[in-house]
Structures are given as C-alpha cells and as structure tokens.
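**Student:** Just a sequence and a predicted model for now, questions to come.
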Amino acid sequence: MVYQPPLGARDLLPLDVNQKIWIERRLQQVFHRWGYHRIITSTLERLDTLTAGGAVQPSTVIQLQDSDEVGLGLRPEFTASIARATVTRMLDSQGWPQRLYYNGNIFRKQHTTAYGAQLEFYQAGIELLGADGLLADSEILLLLLECLQTLGLTDCHLIVGEAGLTRSLLSSFPAEQRELVRRAIAHLDRISLEQLPLSNELKELALFLFDLRGKPEDVLAKVAQLALDEQQQKIVNHLKSLMDLLRQYWSVHPEAALTQTTEPGIVLDLSLIQTFDYYTGIVFTAVSSNDSGSRILGKGGRYDQLLGLYHPQGKTEAGIGFAVNIEDLHHVLLQTSQLPKQTPASDWLVVPQTDQAAAAAFSYAQTLRESNHLLRVEIELNTSDPETVRDLARRRRIQQIAWVDTEGSPRIETI
C-alpha cells in the first residue's frame, strides 16, 4: 500500500518551505514597517462563530463534531476569527484602532467537481480595526501595493469596487431577478444579461452597470449620469477622493508605484463582488498579468458591521483588511529569478575521527553554534572513510569540515 496525503492536501518539501518562508518574511517586514502586530487565532472555531450573520456559508467549511455535539469547523478565512478575538479579549488594554496581521493556513471546500480539488491554502494578511474613512482605505490599498512591490511584482494592478454602492444600484431590480443580474455582471456574462426577462428600462440599467469598469475617472463620470440619492452620492464622492489621494501620493513617490508611471495601476469595477458577504464598502482584488495569463494574488475590503456580530453588547466598529495567497504568489515568483533555488547549505560538518571522539565532536559542534546563532552545523553520524565524508560535504555544499579527535582538538579542512 502506498500512503498519500488526503485529496485536496499536499506536502511542502524543504525547498518549497524555504521559498514560502522567503515570501512570508518579506511580507512581514512590510507589515512591521506599517505598525502591524501579529495575531494567531485558533485553527478550529465553533461553526456558529464562522457563520455568524451569514458572513461565511456552511458549505465552504470543513466541519467536525466534538464529544459534546458542538459543531466545529476548520477556519475558511481569518477575518471572522480575528474579529471575535479582538472584541472579546483585546479592547480593555489596547483601544482603537487595532493593526493586526496574520500568517497561516486556511481550509475551504471548493464548489467544483474537480478530482482532488485543493482544500488547504496558505495566507498572509492584515486587519485594520476601528478605523474608517478616506485615510484608512488609502492605508490598506497602499500597504497591499507595497507588499507586491517588495516581492518584485511590477506587472500587477488593483481592481477596486464598492460593495455598498453596487448593492444599492442593484436594489432597483426585482428581488427574484436581482441575483441573476448580479451574477451575470460579476461573471462578465453579457449574453445571459441580455436574455434576462427585464423591462426595457431595467435592461438598459443592467447593461449600463455591466460597463462600469475601467479607468477610475471614466467610471466615475459614467456613474455621475445616474440619478443618485444622497447616500450613493456620498459613496461616489468618497471613491473620487480615494483615487485622487492615491494619485497625489504616486506623484510625490513615483518609486512606490507598481508601474513606472504616476498611474497607480487601478481599475475601478463597480461589479466587483467578493466571496464573503460581509463587505460594506470598498472591495479590491490584486491581479498579476504576464505572459502566462492573469492570476489573483489577493483580495480584501471593508466590513463595518462584522465586529458587532461578536461583541457581547453588539457594539460594532469599522474594519478593513486583505489577504494575499501564498501559493499564487509562489507560482508567479517561480517565473522570476528571485526565489531561492535550493535550501541553505550547512556551514560546518563536524566528524568524530573515532567512536571514542563522539562526545568531543558534539561538544565542538555546540561551541560553533554558540559562537554564531546563524551557523548551521551538522554532525557526521555514519563515520566512514575521509573521501566518502568529503564527497558528502560537496554534495551538500558544505565548505568546512572539522575532524575532531578524542581530546576535542579539531583539524579544519576547507572543501
């Protein structure tokens, strides 16, 4: 019998892990520079926590059952867990805003019939809790773009939408047709949209909404043609201010842009709807574009009602964040020359010259490790002839061999 990991799971071998850590460390450096602190939440959550308010659908959760018949689930994302932890455990000592980041695995059922569809994913991301408005939205978008730039990804752009505005504009359609319209727009399915049984007026509106994507100034000019109510106009004004602020920032810091121009590489798309339904404001997707096609690298958005679902008194606070997909970043970066091509080599191979020299060899190896905590020191466990040891060192790219005798005296050889 050949044992394999479960369908949808996979092993990460040392080189995979080394490359994954390379990505994660660079992301963490960005998070630290922006003042974010790491939080680690439970991999297991109560199912009612994950699905509170309909934010996460039970069908996406890999569910378990404990001995007390309480439904449990493996987290399909981090935001709900962080919201719960923040409002129940952190407020007394910290106050608002909270800047938190995370790095770990999530588990999610896929709505696909593909054999062995992936179930486990790795994510890194941030949550900015207790802050709303123009500056908070700008911080998150700029932080995401800096993450991509730090990884050397310059062929990316952001697609930005507005969940509240899109939801409001779709409210003009009858309830039984609204989801069909939303789905056709979200999937860029113009043919299905044109075939829906809508009045001429509503069909014209649906096709108008379908085309609300492109350069921010062009999209905002189109939206201005609609008869907007006060709240809708407020959202449009916020989007315009957000785009203007980003352009002003890039004009001062053009080196921070993903492209080599002062344009921030942003597409405004008012049909953009994220997977989870708790978003209330801006939503966004980071997309890479190269010769091998487009790939989604990360997603995020504003969720100003979510924290209230977990607060003991139902008090809510603003929230916004994003998650980047480590596997997708890894796939894109493999096409560049940046990722490590091999695992790090050890610096020393310590060889006991006789069986009686074993303790002395272990002692000398420890002395080397204590002299510099970054050194990698291996002990040769199968003492054999010198040429075999040297060949082993060469294959492992170890340049220093210490031959240790029973007195603990080393003879140093450079390979």
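**Tutor:** Right, received. Where do you want to start?

**Student:** what comes up buried for the strand or helix carrying G73?
**Tutor:** Per DSSP states H and E, G73 falls inside strand 71-74. When neighbours are counted by 16 or more other CB atoms under 10 Å, the buried residues of strand 71-74 are found to be G71, L72, G73, L74. (Glycine included, C-beta is placed from N, CA and C.)

**Student:** Backbone dihedrals for F322, please?
**Tutor:** The main-chain torsion angles of F322 are listed as degrees, to the nearest 10 and equal phi -150, psi 160.

**Student:** what about it, how many residues close to it?
**Tutor:** The criterion is other CB atoms under 10 Å. On that basis, F322 has 24 neighbouring residues.

**Student:** Return the residues in contact with it.
**Tutor:** Applying CB atoms under 8 Å, 6 or more residues apart in numbering to F322 gives the contacts G125, I126, I140, L144, F284, A286, G298, K299, G300, G301.

**Student:** Which residue, other than its chain neighbours, is closest to the fifth one?
**Tutor:** The spatially closest residue to F284, leaving aside those adjacent along the chain, is V160, at 4.6 Å (CB to CB, 6 or more residues apart in numbering).

**Student:** Isn't that neighbour up against A286?
**Tutor:** No: contact criterion CB atoms under 8 Å: V160 and A286 do not qualify, at 10.2 Å.

**Student:** And for N105, the neighbour number?
**Tutor:** Using other CB under 10 Å, the number of residues around N105 comes to 12.

**Student:** Is it located within a strand, as I assumed?
**Tutor:** Yes: read with DSSP: H, G, I helix; E, B strand; the rest coil, N105 is one of the residues of a strand.

**Student:** Do I have it right that it meets L119?
**Tutor:** No: counting by CB under 8 Å, N105 does not reach L119; the two are 10.2 Å apart.

**Student:** could you say which helix or strand contains the residue nearest the centre of the chain?
**Tutor:** In the chain, the C-alpha nearest the mean C-alpha coordinate belongs to V324, at 1.9 Å (CA atoms, centre = their mean). Counting by DSSP H and E, the secondary-structure element that holds V324 is strand 319-325.

**Student:** Give the rounded mean pLDDT of that strand.
**Tutor:** Taken as a whole, strand 319-325 carries a mean pLDDT of 97.

**Student:** quick one: strands adjacent to it?
**Tutor:** For strand 319-325, the paired strands and their directions (DSSP bridges) are strand 120-129 (antiparallel), strand 293-302 (antiparallel).

**Student:** how about those strands in CSV, adding mean neighbour count and mean pLDDT?
**Tutor:** Output for the strands paired with strand 319-325, formatted as CSV (neighbours: other CB atoms under 10 Å; pLDDT from 0 to 100):
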stretch, mean neighbour count, mean pLDDT
strand 120-129, 23, 96
strand 293-302, 20, 90
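
**Student:** got a pLDDT number for D92?
**Tutor:** What the model reports for D92 is a pLDDT of 64.

**Student:** and the nearest residue to D229 once chain neighbours are set aside, backbone torsions?
**Tutor:** Here the nearest residue to D229 in space, its sequence neighbours aside, is S168; by CB to CB, 6+ apart that works out to 8.0 Å. Backbone dihedrals for S168, given as degrees, to the nearest 10, come out at phi -70, psi -40.

**Student:** S168 contacts Q232, correct?
**Tutor:** Yes: with contact defined as CB under 8 Å, S168 and Q232 form a contacting pair (5.6 Å).

**Student:** hang on, the earlier thing: any chance of the strands paired with strand 319-325 in JSON lines, plus distance to N237?
**Tutor:** Listed next are the strands paired with strand 319-325 as JSON lines, based on distance: least, CB to CB, whole Å:
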{"stretch": "strand 120-129", "distance to N237": "22"}
{"stretch": "strand 293-302", "distance to N237": "16"}
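
**Student:** Just tell me which of those strands ends up closest to L239.
**Tutor:** Proximity to L239 (CB to CB) singles out strand 293-302 among these, at 12.1 Å.

**Student:** Quick one: distance of the closest one to the chain centre.
**Tutor:** Here strand 293-302 shows a centroid-to-chain-centroid distance of 9 Å under the convention CA atoms, centre = their mean, to the nearest Å.

**Student:** where exactly do the helices run in the stretch 251-400 of the chain?
**Tutor:** Counting by DSSP state H, counting those that start in this stretch, the stretch 251-400 of the chain forms helices over residues 326-333, 358-371, 386-395, given from the N-terminal end onward.

**Student:** of those, which approaches L349 most closely?
**Tutor:** With distances scored as CB to CB, the stretch of the helices of the stretch 251-400 of the chain nearest to L349 is helix 386-395 (5.1 Å).

**Student:** got the buried residues for that closest one?
**Tutor:** In helix 386-395, counting by 16+ other CB under 10 Å, buried: V389, R390, L392, A393.

**Student:** which one of those is nearest G265?
**Tutor:** Using CB to CB, A393 comes nearest to G265 of the buried residues of helix 386-395, at 47.9 Å.

**Student:** mind listing what Q123 touches?
**Tutor:** Going by CB under 8 Å, 6+ apart, Q123 touches E77, F78, Y102, N103, G104, N105, I106, A323, V324, N325, I326.

**Student:** Could you export those to JSON lines, including columns for distance to I266?
**Tutor:** Formatted as JSON lines, the entries for the contacts of Q123 read as follows, by distance: CB to CB, whole Å:
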{"residue": "E77", "distance to I266": "24"}
{"residue": "F78", "distance to I266": "25"}
{"residue": "Y102", "distance to I266": "25"}
{"residue": "N103", "distance to I266": "26"}
{"residue": "G104", "distance to I266": "29"}
{"residue": "N105", "distance to I266": "30"}
{"residue": "I106", "distance to I266": "27"}
{"residue": "A323", "distance to I266": "19"}
{"residue": "V324", "distance to I266": "17"}
{"residue": "N325", "distance to I266": "20"}
{"residue": "I326", "distance to I266": "24"}
